[in-house]
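[1] Dropping a prediction and its sequence here:
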Amino acid sequence: MGDDQWAKIEAENGYRQTWNSVPSSRIEVGRKLVVPIAGLYTPMKHIPNIAQLGYPPVVCTCQTILNPYAPIDPNSKTWTCPSCFNKNELPIHYRNITEGYLPQEAMPGNNTVEYVLKPPTIIPPPVFLFVIDTCVDNEKGMQAIKDSILGSLGRLPENSIVGLITFGPMVHVYELSFQHCPKALIFRGSKELTPEQIRTSISLPPKGLSSGTNHNKFLRPLSEIQTHFENIIEELPREPALADQSHLPLRATGTALSIAVSLLEDSFPQQTGQTARIITFLAGTPTIGPGMISTDDLRELPRSHSDIAKGKAKYVQKATQYYTNLAAQAVKNNIIVDVFSFSFDQTGVLEMKELIRSTGGVCARGDDFDDPVFKESYHRLFKPPVNDEPNCALDVGITAQLNIVVSRYLKIAGVIGPCSGLPNNSQYVSDENKIGVHGTSKFKLLSIHRSTTLAVYFDVVNNHQNKIPDHEKAIIQFDTIYHKVNGKKILRVTTIARPWVNDVNAGLNDIRSGFDQDAAAVIMARSAIWRAENEESFETVRWIDMNLIKLVQKIGADYTPGIATNLVLHQSFKYFPQFMFHFRRSPFIQTMGDTPDQTAQYRQVLNRETVENTLLMMQPVLEKFSLEERQYVELSSDSFASNAVFLLDTYFNVLVVKGLHIKDWVQKGFDKSPDHENVRQLLRVPVEEAQAILDQDRFPMPRYVVCYEREPPARYLDSVLDPSRAGNKLDGVGGTDDVSFHVFYEHLKKLAVQPS
C-alpha cells in the first residue's frame, strides 16, 4: 500500500499505524523495526455518513465490542470474539440475522460506528470561568480581551453558567449574584492557599450547581445576569502602570488559578457529562505567590533554556510541581484549563504544560492581545458543530473516556496526547515498555476536538517459538464515550485488524510495504519530544540520528554492505529521512532563539494534532509563484529566486515573501497597469492562497506576514530553508550554519552501509 491508501483508511476510521504488517515475535520487533509499533487515533474525526446505531453495543467478556472481524453464526445466534476467541450469545433482537442480513456494526467496511446512547435525565449546564490578568501593557490589549469575551457570550450554550476572576497583585472573585454594582471577594496574591482555606473563605453552600436551583453567588446562569456580566467586563480597569520602570508588575497567576479550580470543585459535584472551562488570559510574568517564575526585579531575567539545562532556573521545579498538583485536582473534577498567553514577557506556559495537557485545554500565545492571532484563535474556541446539530452550540466532545482493547500478543505501552490515565487492572497493559501516560488501558479526555489525536504505543509479547495461525489478526479496538454540550451521549467504536508476520525474512516485503512513513514520522516526533522533556537537545538529536541510521540499515533500504553509492530506499521509506532531517532542525528540538514558553507551546500543539498537521509542522511547505509557473519546491536556499513570490506554510506561520525583482516591478507601477495583468495575477494569487490557509480550522490561528526579500520578516524563511549544496545563503540574509539535506542524506547512506 502507498501513502494515499493509508490516508484513505485514516479518512474512514481516523486511524493510522506505523507498521501495518506486524512481526509476531517480540525479539524480531526489537531487532528489526526500530520505529515503535504505534497508532495515531483521532476519536472525534469527522467521518461523513458514519453508521449511527440507536441500540446498545454487544460486548464480549474481554470488553471487545461486536465488529466486522467477529465471525457470526446465524444458526446458533452466537458470535466469536476476534480478540479472545470466546463464543458469545447474541441478544434477542438479533434473532432475524442471516449471512446476508448482518447487524450494521458487523457488516464489512463498518470498522467505525457510533452508538447513540441514552442521555442523562438532567443535562448538566456547561460552566465557563474567565480568569483575566489585568496587568496588561496597554489599553488596546485590555480592550481586545473585553471585546473577545463579550463577543463570545452569544456563542455559548443557552444554559451556560459563567464566573469571573481577575488578578494582579490581588485576586478578585466576583459575586455575580449581587447586581447593583460590581462586588468581589479579594484574596492576597502572595499567599499560597490550600483548597480547604479557599473553601472556607468563599463560604459556598453545600449543594452544587447541578441541582438546578442552588446556584452560588460567584457562578451564575448567563441568562440571568448577562447584562450585569457584560457591564462588569466593559468596565474592568487595567492595573495602574508602575512608576518604577525597573520592576515588573506584581502578578499572582498561580493563586488565581488555584482559587479558580477550587471554586469550581466546590460549586458542583462530579458527574459524567458536566465540565467546566477555565479560560485564562495571561499578560505577563508571574512574579508573586505560588507558581511564580521570576521576581518583579527586571535585573533578574526569566529562565532560559540554558538556565534550565544548567540548573540555574531556581523557580522552575517548584512552579512546575505546583501546577502539576493543580492539574491532578482539575482532572479529578472535570475542569479544563485553556491558556491565552499574549505578552513580550514569559508567562509560565512551560510550568503550566501539564495543567494544559492533562485537562485537554488549548494554548495560544503571542506578543499582544491586540493581535489577529489572539482574536481569531479565541473565536475558534467556540466553533459551532460542522453538521448544525440542534441545541449544540459548540463542536467539542466533553468528559470522554477512551478504552483500548487489544488481542492476545499485543499490550499497551502508553499514550502521548491530551489525556490522563484512569486506574484499572487491565490485562492489556505492558509490564516492560512505558511511555507517556502508561499503566492503564483507560484514559480520560476532558475535551476533544475534531483534530485531537492520540499516539498509542504497543508491545508485541509473543515468544519467538510460537507461530500465530494465519487466520488470526492483530486486533485493536478504540471505544470512546463522549458527551456533547446538548447532553447527547455517543460511543464511537473503531476496530482495526492487521496481519501478523511469523517469518520476518520471508515476509520482509510485506513488512516494508506495510510501513506508513507519515505515521512513523509523527510517532518518532512525539517520542523525541517526550525524551526532550528530560534530555538536553544534543542528546535528543543524537537519538533521532541513531534511530534513522538503524532503520535504513536494518529494513528501510537495499544495499551492498560497505558501498554507499548503491543504497536504494524502499518506496515506503522514501520520504522518511527527509521528515527527520527537517524535524531535527525545527524549533521543537532546536530551542536556541526561542523562549521555554514558546517551545512548550509548540510541543503541546504537535502532541495533539493530526498526522497531516504534524507533518506540516515538521516539514513546512514552500510554494513558488513566477510568471512562468507555479510549483511546490524543496525547502532549500537553492529554490529561492528574486523574480518570484514564495508562500511558506509552517502551520504556526504563513509567510509571503516577494523577491527584489517583484519589488522593482511594484515600484514601477506594473501592479496597477492593465498592460501587466500577469504581474497583477502573480501578486494576487499567493495572497489568495495564504488567505485560504488562514481560513482553515487550525488552532491556534497562524501568524500571517507579507514582506519583501531582505526585509526583517524574510529572515524567518531563511531559518526554515536548509543551506544549498554549494553553501549559498539567501541573498541579503544570513544563512544557516548546518548542512543541507543532500549532505545529510549522503552521510546517512555512508553510515547505514557500515557493518553494525
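    Perfect, thanks for sending it.
[2] CA atoms for contacts and neighbours, from now on please.
    Fine.
[3] need the contact list for Pro249.
    Cys135, Gly168, Pro169, Ala241, Leu242, Thr287, Asp296 (C-alpha atoms under 8 Å, 6 or more residues apart in numbering).
[4] Which neighbouring elements make contact with the longest strand anywhere in the chain?
    Looking across the chain with DSSP state E, the single longest strand is strand 489-501. Under the contact criterion of 3 or more C-alpha pairs under 8 Å, 6 or more residues apart in numbering; DSSP states H and E, strand 489-501 touches strand 22-23, strand 112-117, strand 473-483.
[5] winner for burial among these?
    strand 22-23 (a mean of 26; mean count of other C-alpha atoms under 10 Å).
[6] ranking the contacts of Pro249 by neighbours, who comes first?
    Highest neighbour count within these, by other C-alpha atoms under 10 Å: Thr287, with 26 neighbours.
[7] Over to it: give its phi and psi.
    Backbone torsions for Thr287, taken as degrees, to the nearest 10, come to phi -120, psi -10.
[8] so it touches Leu298, yeah?
    No - counting by C-alpha atoms under 8 Å, Thr287 stays clear of Leu298, with 10.6 Å between them.
[9] Give the residues shared as contacts by those two.
    Between them, Thr287 and Leu298 share these contacting residues under C-alpha under 8 Å, 6+ apart: Leu248.
[10] Can I get the helices and strands packed on strand 489-501 in JSON lines including distance to Gln604 and mean pLDDT?
    Below are the helices and strands packed on strand 489-501 laid out as JSON lines (distance: least, C-alpha to C-alpha, whole Å; pLDDT from 0 to 100):
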{"stretch": "strand 22-23", "distance to Gln604": "30", "mean pLDDT": "95"}
{"stretch": "strand 112-117", "distance to Gln604": "28", "mean pLDDT": "96"}
{"stretch": "strand 473-483", "distance to Gln604": "22", "mean pLDDT": "97"}
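[11] and of those strands, who's closest to Leu394?
    Leu394 lies closest to strand 473-483 among these, at 11.4 Å (C-alpha to C-alpha).
[12] quick one on the thing from earlier: from the middle of its chain, how far away would the longest strand of the chain be?
    22 Å (C-alpha atoms, centre = their mean, to the nearest Å).
[13] list the buried ones in it?
    489-501 (16 or more other C-alpha atoms under 10 Å).
[14] any residues touching the helix or strand following that strand, and which ones?
    Along the chain past strand 489-501, the next helix or strand (assigned with DSSP states H and E) turns out to be helix 508-513. Residues outside helix 508-513 that contact it (C-alpha under 8 Å, 6+ apart): 1-2, 19-23, 501, 504, 555-556, 570, 572.
[15] what's whatever helix or strand comes next after helix 508-513 packed up against?
    Next helix or strand after helix 508-513 toward the C-terminus (DSSP H and E): helix 517-532. Judged by 3+ C-alpha pairs under 8 Å, 6+ apart, the packing partners of helix 517-532 are strand 15-17, strand 38-41, helix 537-551, helix 576-584, helix 611-618.
[16] Just the CA trace of the fourth one, in PDB.
    Going back to what we said before, that points to helix 576-584. What follows is helix 576-584 as a C-alpha-only set of coordinates in PDB (Å, rounded to 0.1, in the frame of the first residue of the first chain):
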ATOM      1  CA  PHE A 576      11.200   9.300   6.000                       C
ATOM      2  CA  PRO A 577      14.800  10.700   6.100                       C
ATOM      3  CA  GLN A 578      13.600  14.000   4.800                       C
ATOM      4  CA  PHE A 579      10.900  14.200   7.500                       C
ATOM      5  CA  MET A 580      13.500  13.500  10.200                       C
ATOM      6  CA  PHE A 581      16.100  15.900   8.700                       C
ATOM      7  CA  HIS A 582      13.700  18.900   8.900                       C
ATOM      8  CA  PHE A 583      12.300  17.800  12.300                       C
ATOM      9  CA  ARG A 584      15.700  17.800  13.900                       C
END
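[17] Averaged pLDDT, it. What do you get?
    The average pLDDT for helix 576-584 rounds to 96.
[18] same for the helix or strand following that helix, what does it pack against?
    Using DSSP H and E, the helix or strand that directly follows helix 576-584 along the chain is helix 596-606. Helix 596-606 sits against helix 353-359, strand 363-366, with contacts defined as 3+ C-alpha pairs under 8 Å, 6+ apart.
[19] Let me know which of the ones you listed is the nearest to Ser148.
    Across the helices and strands packed on helix 596-606, Ser148 has its closest neighbour in strand 363-366 (14.2 Å, C-alpha to C-alpha).
[20] Whatever helix or strand comes next after that closest one: how far from the chain's middle?
    Next along the chain after strand 363-366, taking DSSP H and E as the criterion, comes helix 372-380. Centre-to-centre, helix 372-380 and its host chain are 17 Å apart (C-alpha atoms, centre = their mean).
[21] Can you point out the buried residues in helix 372-380?
    Buried residues in helix 372-380 (16+ other C-alpha under 10 Å): Pro372, Val373, Phe374, Lys375, Glu376, Ser377, Tyr378, His379, Arg380.
[22] Ignoring the adjacent residues along the chain, who's closest to the fifth one?
    So the one you mean is Glu376. Spatial nearest neighbour of Glu376, excluding adjacent residues (C-alpha to C-alpha, 6 or more residues apart in numbering): Met701 at 6.4 Å.
[23] Next, the contact list for the one you found, please.
    Contacts for Met701 (C-alpha under 8 Å, 6+ apart) come out as Val373, Phe374, Glu376, Ser377, Phe652, Leu694.
[24] hmm, 10 Å instead?
    For Met701, the residues meeting the contact criterion (C-alpha atoms under 10 Å, 6 or more residues apart in numbering) are 364, 372-380, 651-654, 693-695.
[25] And Val316, by the same measure?
    Gly291, Met292, Ile293, Ser294, Pro302, Arg303, Asp307, Ile308, Tyr322, Gly348, Leu350, Glu351.
[26] returning to what we had before: quick check, nearest of the buried residues of helix 372-380 to Leu129?
    The closest of these to Leu129 turns out to be Tyr378 (C-alpha to C-alpha; 14.5 Å).
[27] isn't that closest one right next to Ala364, touching?
    Yes - counting by C-alpha atoms under 10 Å, Tyr378 does reach Ala364; the two are 8.4 Å apart.
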